[in-house]
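S.K.: okay, structure incoming, though there's no sequence with it:
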């Protein structure tokens, strides 16, 4: 059995390509999917990027707007999951969360 911390202090701050968020990889299923915990600070964002596999993101703090390769945004909130294709962008709304 593995026990995971979902606290932002235990994750890694990502600032590449205009991103500003904390990510903690939970597990990776080689060639199939990755599971991670995401914390978005106020005004935080996950820049458009192409991952190698679909991503399951567990939103642990805040609210955000998220889209995939279709460029249609959907709202996600704390305690929600997001599973999607390899291309994604997530931007925290300054008026939420």
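M.R.: Good, I have the coordinates. Worth saying up front: this structure is predicted, and the values here are computed from it rather than measured.
S.K.: C-alpha from now on. contacts and neighbour counts both.
M.R.: Fine.
S.K.: how long is stretch 38-52 end to end?
M.R.: Using Cα to Cα, to the nearest Å, the end-to-end distance of stretch 38-52 comes to 18 Å.
S.K.: give me the longest strand you can find in the chain.
M.R.: If each strand of the chain is counted by residues according to DSSP state E, the longest one is strand 21-29.
S.K.: now for it, which elements pack on it?
M.R.: With contacts taken as 3 or more Cα pairs under 8 Å, 6 or more residues apart in numbering; DSSP states H and E, strand 21-29 sits against strand 12-14, strand 33-39.
S.K.: go through stretch 50-63 and flag the buried ones.
M.R.: Within stretch 50-63, the residues that qualify as buried are 53-63, counting by 16 or more other Cα atoms under 10 Å.
S.K.: tabulate those (a markdown table), appending pLDDT and distance to residue 29.
M.R.: Formatted as a markdown table, the buried residues of stretch 50-63 follow (pLDDT from 0 to 100; distance: Cα to Cα, whole Å):
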| residue | pLDDT | distance to residue 29 |
| --- | --- | --- |
| 53 | 80 | 9 |
| 54 | 81 | 10 |
| 55 | 80 | 10 |
| 56 | 81 | 11 |
| 57 | 79 | 14 |
| 58 | 82 | 16 |
| 59 | 80 | 19 |
| 60 | 80 | 21 |
| 61 | 76 | 25 |
| 62 | 69 | 27 |
| 63 | 69 | 27 |
